[in-house]
Every structure is written in C-alpha cells, then in structure tokens.
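Asks: A structural model of the following input is requested.
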Amino acid sequence: MVDPVELERIMKEHNIVIEGSNYPQPITNFNEIPNIPQSLLQHLSKFKKPTPIQMAAIPTLLSGRDMIGIAETGSGKTLAYLIPLICYLQTQPPSLPGEGPLSILIAPTRELVEQIYSELLKLFALMSAQVFPRKILGLCGGLPLGGQLKALTGGVDILVATPGRLLDLVEKEAFGLDRLHYLVFDEVDRMLLNYYQREEDCQSHKREETMEEQLRKFLLQCNLCPRQTCMFSATLPTALERLARSALWNEITIYVKDSKSLKDNISVPTNITQNVLFMHSYLKKKSLLKVLRSISHPPVLIFCHAIQTVDNIVNFLKSEQFHVVGLHSEKSQSFRFRVIQAFKTGQVDVLVATDLASRGIHVDDISHVIVYDMPDAIETYVHQIGRCGRAGQAGQVTAFLTYQCKCAKQLKDLLKRNKQTIPPELKDTQQFGQKVIPTPFGDKIIFPDQNPN
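Replies: Sure, this is the predicted structure:
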C-alpha cells in the first residue's frame, strides 16, 4: 500500500482524478498486477510503464467495480480493459457449444471492432500454453448474418460487436446472456452523439434508431445478469451520464486530463497543435491545396461532413496529382478494409472520410489532420483531431472555420484552454451557426428575423 502523501503525488503527476468510494490505488508498474500471466507481463515489458488511464483503470476493474474512464484518444484505453479481462478468463473454463459469452465488448464501428478483435487474438496467442483456447467472435453489420449465427452455436467466450448487430442477434435469441460477467462500452461518447445507424448495421430496426436507443434496449435484455460494466470515453457528454445511471452501480469514475479542463469535460492532448483558419466557403478548396502542399510527410487524414463532399474532394485532389482515396458509408465493407490497410501501410498518402466512416481508424503515425468541414458537436471535433499525435507524438491540425460552424463558442473555449491561437472572427460567436448562403463573393449570413431576399 502506498502512503496517502505518495498516492496524492502520483495522481497529481499523472493528472489522474478519481471519484467514488473505496477505490483501489493506482499501479505504477505492470508487475504490480496480481495473477497476470507471465507471457503477457513479458509482452508488456516493452512499455516503460502503464499509461495514466491504465494505472487507475486496471486495479479498479480487477477489483470488480463498475467504472467510467475518461481519457483522451490514443491513451491506451483498450489495454486498460483487456488486461483485467484476460486475468478474469484465466479462472474460467472455456465455453461449451450453445453457451453464451462471458464478456461483451461494444464499439461504435466495424473498424474498431476489428481492431479490438485483432488485439485480443494477438494477446491470447502470447498465452497459448497457459490459457485455455478462447472463442472470440466479432459481430458487425455489412457481413453475412448466417455465418455469425452458425459461429454462435459453437459457444463463445468473448463477443466484440457494434450495437446494431448485437441487438439484432440478442432479440433473435441467437445466444444467451446468463453467463455475461464483463461488459465494456468503448468510445461510448461516439455512440451517444446521435449518430444514426445505417441499414447495413441494423437489419430489423428502423433506420432512424440511434445508437443510444439500441444500447438501452440491449441493457434491458441483460439487466438481470450479475455483470461488471465499464465505459470508456474521451469526453463526458450528458447522454453518457444518463446511460451510466441506468447501466452502472456504485461506479468509480476516472478522469485523466489537464485539471483545468476537468469541469469542461473536453480534453485535447497537449502534443497536438491546432491551427484554425477562418474563411468563406468558396475558398476552402484553394486553402486545402495550400495546406496539403505545405505538409512534407504523409499520411494525412481529411474530415468532411457529407458523402458528396468526400467524393468531390477526392476527384479534385486526384486532378491535382495527389495519391488520395475516399471513405464513406456507401463504400463496401471489403473496400473499407482494403483502404484502411493501405492507409496504415503507407500505400495511400491522403485519406478523405466522413466522421462516421472514419471511426475506428487508428494509425499511430498520422502527421496531419485537416478538418475540412467543422462538425456540429465539439466532441466530434475532439475525436477527429485526436487521430494525430497518438502515442505521444507531435500532431498538427488544420481546421477550416466558416460561418456554418455550430460549435463556435465551444471551439473558442477549447482553443483558449489549450492556449492555441484564436481567429479574430471568433470574437463574436453569435454570428456563427446561422443559415448561410454561399456565394462566389463570400458567405451571406441569414439571421432568423431576416429575409434572405
């Protein structure tokens, strides 16, 4: 046990704030984890020490408590919940045919499901001689339902799933929830930003059903399970607090961020430099070329709001001799997978994507993120720019600010907190977010009491 003075020093040094009663002390080294498989410990030795979220979350989850973990993108949240899961599974026999999962890991996108699934396979491969073989299954839309149903009949230990497909299969009674012990919601804030599921991810539900509604329906199905539940997020929106009240019991909440921004629930890594440029809409393409030509090293990720904009920008950049590919929800699953792999391996220099399509893209060496269209929610912006500067590397962000921006005030506050340059146009944020008519001479703002003619 660490004495209270030393504990306070450790938490302050690593910007850890913990809320809740009788929480376990953070660890400072992976070898402090009880009953961790030696092969896994050896694998973790390549890291100097746990990240702050891992320091606090691992002992909390090993204690069996429900938990909310708030930490910036790229902070090691995945390992923070996978290590306790592996330690728990050591004590459990493998599943038998027809048995439901011991653990369900829920993520907002197919790409993130695939990433978590791959990480699990890698970790279990390290321990093949020490741990019973485990049946791990990924469930997501856009893939044949028949194959997933057949795989479930053989029994499963761990499910990694998107909300829509998970709810579909639960309501079809494709597997039971009576064995469920360990439930994880990863990037839960992304699921709660009122994104709408595409039909490919939710076959039997209405297209307008939100992920939050799907999660609540799923929770109703498993409320009788004596489960442990944890939620990981980069921000703490009101919807997350609502969901937590219905899903968690006596939870511990862990924040890892600059203490000055704790009350604002928005965090941007200090290693990311934000350059917000105000412009009229007709100047965006010209500005994009200028920014791209100033970047010496790819890969570069560009965010657009709409599918049509993605296709338009891709065609425009191809005409300017850039090696560019677009990604959005109308692309097939196999195409999306090939594009992401090509982007990760350096075969594609520039990736243009909608925010919905890009969720789950985790590339450690993205040099620059360009926010071509500012999103409606500041939480989405934080997630977008968090795609660069991962693993502590320096990250560069260029964001195009126009009068259409609906989160101008929050953006101004965020830039101020992070000591970034604030465009002078943000002095009056009330002029942003109104109806705008783009013209070749500039954007014309139409206020609510003003006739556009």
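Asks: tell me which helix or strand of the chain sits lowest on mean pLDDT?
Replies: Ranking every helix and strand in the chain by mean pLDDT, DSSP states H and E puts helix 355-358 at the bottom, with a mean of 66.
Asks: the helix or strand that that one is followed by pairs with which strands?
Replies: Sequence-wise, the next helix or strand downstream of helix 355-358 (DSSP states H and E) is strand 368-371. Partners of strand 368-371 in the sheet, by DSSP bridges, are strand 300-304 (parallel), strand 395-401 (parallel).
Asks: what's the closest of those to I272?
Replies: I272 lies closest, by Cβ to Cβ, to one member of the strands paired with strand 368-371: strand 395-401, at 4.1 Å. Any C-beta I mention is one placed from the backbone N, CA and C, and that applies to glycine too.
Asks: any idea of the mean pLDDT for that closest one?
Replies: The predicted model gives strand 395-401 an average pLDDT of 95.
Asks: kindly report the same for stretch 436-453.
Replies: On average, stretch 436-453 scores 67.
Asks: for the helix or strand harbouring S118, list the C-alpha coordinates in CSV.
Replies: Per DSSP H and E, S118 falls inside helix 110-126. What follows is helix 110-126, C-alpha atoms only, in CSV (Å, rounded to 0.1, in the frame of the first residue of the first chain):
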residue,chain,number,x,y,z
ARG,A,110,-16.8,-2.1,-37.6
GLU,A,111,-13.2,-0.9,-37.9
LEU,A,112,-12.9,-0.5,-34.1
VAL,A,113,-14.5,-4.0,-33.7
GLU,A,114,-11.9,-5.4,-36.0
GLN,A,115,-9.1,-3.6,-34.2
ILE,A,116,-10.2,-4.9,-30.7
TYR,A,117,-10.7,-8.4,-32.2
SER,A,118,-7.2,-8.4,-33.6
GLU,A,119,-5.7,-7.1,-30.4
LEU,A,120,-7.4,-9.9,-28.5
LEU,A,121,-6.1,-12.6,-30.9
LYS,A,122,-2.6,-11.2,-30.5
LEU,A,123,-2.7,-11.2,-26.7
PHE,A,124,-4.2,-14.7,-26.5
ALA,A,125,-1.6,-16.0,-28.9
LEU,A,126,1.1,-15.0,-26.4
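Asks: give the contact list for L85.
Replies: Shown in contact with L85 (Cβ atoms under 8 Å, 6 or more residues apart in numbering): 103, 158, 182, 184.
Asks: any idea of the pLDDT on the third one?
Replies: So that's Y182. On the pLDDT scale, Y182 is placed at 97.
Asks: try E320
Replies: pLDDT, E320: 94.
Asks: with D264 instead?
Replies: We have a pLDDT of 52 for D264.
Asks: please begin residue numbering at 30 from this point
Replies: I'll keep to 30 as the first residue from here, and by that count the last item is D293.
Asks: domain-wise, how is this structure divided?
Replies: The chain resolves into domains spanning 33-291, 301-457 when parsed by automatic domain parsing.
Asks: make CSV from those domains and add distance to I466 to it.
Replies: As requested, the domains of the chain are exported to CSV (distance: least, Cβ to Cβ, whole Å):
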stretch, distance to I466
domain 33-291, 26
domain 301-457, 10
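Asks: of those, which shows the lowest average pLDDT?
Replies: Among the domains of the chain, domain 33-291 scores lowest, with a mean of 85.
Asks: so which elements touch the helix holding S147?
Replies: helix 67-73, helix 106-118, strand 165-168, strand 187-190, helix 362-373 (3 or more Cβ pairs under 8 Å, 6 or more residues apart in numbering; DSSP states H and E).
Asks: could you give the angle of that helix to helix 362-373?
Replies: Computed with axes from the mean of the first three to the mean of the last three Cα atoms, to 10 degrees, the direction of helix 139-155 lies at 70 degrees from that of helix 362-373.
Asks: just want the angle from helix 139-155 to helix 106-118.
Replies: If you take the same axes, to 10 degrees, helix 139-155 sits at 50 degrees to helix 106-118.
Asks: now do the buried residues in helix 139-155.
Replies: Residues of helix 139-155 classed as buried: 139-146, 149, 152-153, 155 (neighbour count, 16 or more other Cβ atoms under 10 Å).
Asks: between these, which is closest to D394?
Replies: Closest to D394, out of all of these and judged by Cβ to Cβ, is Q144, at 15.7 Å.
Asks: so which residues of the stretch 230-379 of the chain form helices?
Replies: 240-250, 267-276, 313-323, 336-348, 362-373 (DSSP state H, counting those that start in this stretch).
Asks: was I right about P192 contacting I135?
Replies: Yes - using Cβ atoms under 8 Å, P192 is in contact with I135, at 6.0 Å.
Asks: what do the two both touch?
Replies: What both P192 and I135 touch, as defined by Cβ under 8 Å, 6+ apart, is the set 220, 244, 247.
Asks: ok, and the most crowded of these?
Replies: Tallying neighbours with other Cβ atoms under 10 Å puts M220 at the head of the shared contacts of P192 and I135, with 28 neighbours.
Asks: and that one, what does it touch?
Replies: M220 sits in contact with 135, 137, 192, 214, 240-241, 244, where contact means Cβ under 8 Å, 6+ apart.
Asks: could you do G183 as well?
Replies: Here G183 is in contact with 126, 164 (Cβ under 8 Å, 6+ apart).
Asks: got the helices of the stretch 230-379 of the chain as JSON lines, with distance to V400 columns?
Replies: Output for the helices of the stretch 230-379 of the chain, formatted as JSON lines (distance: least, Cβ to Cβ, whole Å):
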{"stretch": "helix 240-250", "distance to V400": "22"}
{"stretch": "helix 267-276", "distance to V400": "23"}
{"stretch": "helix 313-323", "distance to V400": "11"}
{"stretch": "helix 336-348", "distance to V400": "12"}
{"stretch": "helix 362-373", "distance to V400": "17"}
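Asks: so which of these gets nearest I87?
Replies: helix 267-276 (20.0 Å).
Asks: may I have the closest one as CSV, with CA atoms only?
Replies: Output in CSV follows, covering the C-alpha atoms of helix 267-276 (Å, rounded to 0.1, in the frame of the first residue of the first chain):
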residue,chain,number,x,y,z
THR,A,267,-24.8,14.5,-20.8
ALA,A,268,-26.0,11.4,-22.6
LEU,A,269,-23.2,9.3,-21.1
GLU,A,270,-24.2,10.4,-17.6
ARG,A,271,-27.8,9.4,-18.4
LEU,A,272,-26.7,6.0,-19.7
ALA,A,273,-24.4,5.4,-16.8
ARG,A,274,-27.2,5.9,-14.3
SER,A,275,-29.1,3.0,-15.9
ALA,A,276,-26.2,0.7,-16.6
